[in-house]
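Visitor: when you get a sec, could you give me coordinates for this:
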Amino acid sequence: MRRILNLIPERWHGLAREVAKFGVVGVFNTIVSLGVGNLLLHTVLQHGEVKASTAGSLVATIFAYLMNRFWTYRHRPSASLRREYALFFFFNAVGMGISALVTYGTKYGLGFDGAAAYNAAQVVGLVLGTLFRFWAYRTFVFRQAPAAVDPSPEMAGTR
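Guide: Reported below is the predicted structural model:
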């Protein structure tokens, strides 16, 4: 990581660390989602693809919140966990909606059908949804502490 940080300006190091951690969390939770979904599909939810996928996504969302709160954004102040989790879940759902809209638009808007079109739409939707989530999480869910306002020198002596 240090080698990569040396390639970019110092003012971007914090953002680069967040992006890298966010990426690790995303890869890990993609594996969790697929793993839980497949485990359920091949055991207790045979022929229940939608239920298995939903359960896998729910488990991955919980892990993603915890990993982002306590690792990716641990340097940011913690608000109410209920508020953070509600916003996290909402923005995660919006990100999934972005992905679904890309798939919908590819099939019904552009008329592309088949496995290649589906997979291309999934990749584009995943990228757009991930970019949205990263922006939303760092802007609304795990907000930075407000900058302290220093009193101006003129006002300091007037009390």
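
Visitor: can you list the buried residues in the helix or strand that contains residue 16?
Guide: Assigned by DSSP states H and E, residue 16 belongs to helix 13-41. Across helix 13-41, burial judged by 16 or more other C-beta atoms under 10 Å covers 18, 21-22, 25-26, 29, 32-33, 36-37, 40-41. The way it works is simple: take the backbone N, C-alpha and C, and place the C-beta from them, glycine included.

Visitor: what is the nearest of those to residue 67?
Guide: For the buried residues of helix 13-41, the residue nearest residue 67 by C-beta to C-beta is residue 25; the value is 4.5 Å.

Visitor: quick one: mean pLDDT for stretch 26-36?
Guide: Mean pLDDT, stretch 26-36: 91.

Visitor: next: stretch 81-95.
Guide: Mean per-residue pLDDT for stretch 81-95: 92.

Visitor: setting aside sequence neighbours, what's the nearest residue to the residue positioned nearest the centre of the chain?
Guide: Residue closest to the mean C-alpha point of the chain, counted by C-alpha atoms, centre = their mean, is residue 133 at 4.2 Å. Spatial nearest neighbour of residue 133, excluding adjacent residues (C-beta to C-beta, 6 or more residues apart in numbering): residue 95 at 4.4 Å.
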